[in-house]
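Student: what follows is a protein structure lacking sequence information:
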């Protein structure tokens, strides 16, 4: 029996890297999607040691042409996809919304939301059919409440939660489920970016620096273990719901 195939975006580091490794350890074939980097190559090597048929698809979700190329590569190498984990994201720009450059704000919406739709729609032929497909988006507390200087991220994550609900609604007849999962405060590169923001741009910077200093950040591998069953086994009855890892 062929292993299930899961695509993980943002697979080169943080939660995406941890999920890719955990999936491979449990017998899944993984398509690792991220921007081309040494980190992506290294993670792919580690995943392939556990799941030899896994492979990488380099892709910049900020670039529609790059997404189209990645889709073509995946279609050439995969007969079906059993799960999508939309994990990739960017926190930039961390700026008061009236001071943020328009191009930076638009890039955030593209990476965090529009790219998710473009990638998923491009893979439609691998998703529809009699087989069961589970789609998961990595959400955030920022999807539920505004945070100063995070306007683009908050807006995109709120949109992504609704995107998952829409896919759950429309995908039900195709045996496709979709959920959103908030992973809590995790020790990832995004947290480094947050702590690196100038205080004048992000008044809450010291709060997030405190999370790190106090050891309040969760290790990505721990999060991957907590999320694994939900991402790979959630039911059609759970489709359309938003979960928080701290409630699992």
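Tutor: Received, thanks. The structure displayed is predicted, hence computed values, not measured ones.

Student: which residues touch the residue nearest the centre of the chain?
Tutor: The residue lying closest to the centre of the chain (CA atoms, centre = their mean) is residue 87, at 0.7 Å. Contact analysis of residue 87 by CB atoms under 8 Å, 6 or more residues apart in numbering lists 8-11, 14-16, 19, 138. In this view, the C-beta of every residue, glycine as well, is placed from N, C-alpha and C.

Student: kindly recompute the last result at 6 Å.
Tutor: With contacts defined as CB atoms under 6 Å, 6 or more residues apart in numbering, residue 87 is in contact with 9-10, 15-16, 138.

Student: just the local confidence number for it, please.
Tutor: pLDDT recorded at residue 87 is 98.

Student: residue 57 pairs with what?
Tutor: On the basis of DSSP bridges, residue 57 is bridged to residue 33.

Student: from memory it sits against residue 33, does it?
Tutor: Yes: using CB atoms under 6 Å, residue 57 makes contact with residue 33 at a distance of 4.8 Å.

Student: please state the offset of the top helix by length along the chain from the chain centre?
Tutor: Ranked by residue count under DSSP state H, the longest helix found in the chain is helix 151-171. From the chain centre to the centre of helix 151-171 is a distance of 12 Å (CA atoms, centre = their mean, to the nearest Å).

Student: what helices and strands are in contact with it?
Tutor: helix 102-109, strand 133-138, strand 176-182 (3 or more CB pairs under 6 Å, 6 or more residues apart in numbering; DSSP states H and E).

Student: turn the ones you listed into a markdown table, including distance to residue 207, mean pLDDT and mean neighbour count.
Tutor: As requested, those are exported to a markdown table (distance: least, CB to CB, whole Å; pLDDT from 0 to 100; neighbours: other CB atoms under 10 Å):
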| stretch | distance to residue 207 | mean pLDDT | mean neighbour count |
| --- | --- | --- | --- |
| helix 102-109 | 21 | 97 | 16 |
| strand 133-138 | 22 | 98 | 25 |
| strand 176-182 | 18 | 98 | 24 |
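
Student: okay then, goodbye and thanks.
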